[in-house]
Structures are given as structure tokens and as C-alpha cells.
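1. Just need the structure, nothing else, for what follows:
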Amino acid sequence: MNLNLPLVTSDESRTELIGIQSSFLFKYENPGYDFNSSLHLNFNLGKESLPENAGQLDGIRGLPMFIGQWDASVRFWEKRFYFRLAANFMTSHISRQVFAEDWYENNRDIADTDGFFTVDVLLKYKASRNFQGYIKCNNLFNTNYGGIDATGTLDDLYYNPQPLRRFWFGLSYGIE
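-> Numbering: from 1, shown residues only. Have a look, this model is predicted:
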């Protein structure tokens, strides 16, 4: 058996995909505060015929059915404070490491990457025209999740772990 199948195309290979992407934006500006929000959604349906007559998958390797992101930010108290919230979600998907339908059906526990939901937050304070401080947290709820395969080659892990909760604190000073 050729172990490089994920890198091979053949006359039998075929990918059928239908999808839609949408973005919705809202912006409100006021002398005392600003509010911005955006929602980005991606929906995909498809199937994939694998190389070398290795079967057909009801889905496309490495492509979740739903992907979404919602961002909201507000600048307030004479626009000295800035707060941003970002929520991200993705449904489960088939790893690009899958090389045959029968293998996939017998190994779904490692061949499917679970979906996830994460939230990131940022708070900034502008003390002066040149000086500001911030606190940032990514993955606020400490969600354990795997990402999309990085390269699509045999070097990829079946489960591509993403960072857990992380905090940043900082100060910045700009020179004009």
C-alpha cells in the first residue's frame, strides 16, 4: 500500500463542494463611545472521492461544515477604554490524514477532529496620547480543541492541539 496517498491525485479523485459565506457588520459612533460588531459565517457541504479508488467520504477532509466568528468592541469613557470580545466556533471535520474510507470508518476516534467554541477578550486603557496599558486573554474558558491540519502532509498530527488559556499584560509608549 502506498502510504503517501494523501499527497496523490488520480483520475478517480473528485471533490464536490457547495457553500456560502456571509459577513454582517454593524458600527455606531458617538462622541462618548463607539460600538462595532461583526459576524462571519461559513457553511460547506461536500463529499470527496479518495485517490486510488480508496472510497468516498461524506465530507471533505480538513473542511468543517460550519465556521463562525463574532467580534464586538466598544470604546468608552471619553474613548479611553477599549473592550473587545471575540467568539469563534467550528464544527467537527475529517482529518486530511484519512487515506481510505474503510480505514476512516474503523478509526473515527482519531480521524475526526471535534468542533469547538472559544472566547477571547481584550481590555485597553489609554492613559495619555502616547501611553496605554492592556490585559488580554485568549481561550477564556480554557477549551481543549484541535485545529485544522497544518500542511495536509504526513507530517501533520491526527490531533493538532491548540493553546489553552493564555494571558498577556502590557504597557506601550509611542514616540512621535
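
2. other SSEs contacting the biggest helix by length in the chain?
-> Criterion DSSP state H: the longest helix present in the chain is helix 101-106. Contacts defined by 3 or more Cβ pairs under 8 Å, 6 or more residues apart in numbering; DSSP states H and E place helix 101-106 against strand 56-57. For the C-beta atoms, the positions are set from N, CA and C on the backbone; glycine is no exception.

3. Which helix or strand lies directly C-terminal to the strand it packs on?
-> Where DSSP states H and E defines the elements, the next helix or strand beyond strand 56-57 is strand 66-76.

4. Buried residues, that next one. List them.
-> With burial defined by 16 or more other Cβ atoms under 10 Å, the residues of strand 66-76 counted as buried are Ile67, Gly68, Gln69, Trp70, Asp71, Val74, Arg75.

5. Return the backbone torsion pair for Leu171.
-> The phi and psi values for Leu171, taken as degrees, to the nearest 10, are phi -130, psi 150.

6. Spit out the contact partners of it.
-> Listed by Cβ atoms under 8 Å, 6 or more residues apart in numbering, the contact set of Leu171 reads Phe131, Gln132, Gly133, Tyr134.

7. could you flag which of those are buried?
-> If we count by 16+ other Cβ under 10 Å, those have these buried: Gln132.

8. Looking at the contacts of Leu171, spot the one nearest Leu122.
-> Tyr134 (6.5 Å; Cβ to Cβ).

9. what are the C-alpha coordinates of the helix or strand just after the longest helix of the chain, in CSV please?
-> Note on helix 101-106: by DSSP H and E, the next helix or strand toward the C-terminus is helix 108-111. C-alpha atoms of helix 108-111 as CSV (Å, rounded to 0.1, in the frame of the first residue of the first chain):
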residue,chain,number,x,y,z
ARG,A,108,-13.2,7.8,13.6
ASP,A,109,-12.0,8.3,17.2
ILE,A,110,-8.7,9.6,15.8
ALA,A,111,-9.7,10.6,12.3
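
10. So which bits of helix 108-111 are buried?
-> Ala111.

11. That helix - contacts with which helices or strands?
-> Partner elements for helix 108-111 (3+ Cβ pairs under 8 Å, 6+ apart): none found.

12. Centre of the chain to that helix, how far?
-> How far helix 108-111 lies from its chain's middle: 20 Å, per Cα atoms, centre = their mean, to the nearest Å.

13. count of neighbours near the nearest residue to Tyr145 once chain neighbours are set aside?
-> Once flanking residues are discounted, Tyr145 sits nearest to Phe116: 3.5 Å by Cβ to Cβ, 6 or more residues apart in numbering. Phe116 is flanked by 18 other residues according to other Cβ atoms under 10 Å.

14. Who does Phe116 form a beta bridge with?
-> Beta-bridge partners of Phe116, counted by DSSP bridges, are Met90.

15. my read: it touches His93, true?
-> No - Phe116 sits out of contact with His93 when judged by Cβ atoms under 8 Å, with a separation of 10.8 Å.

16. Many thanks, I have nothing further to ask.
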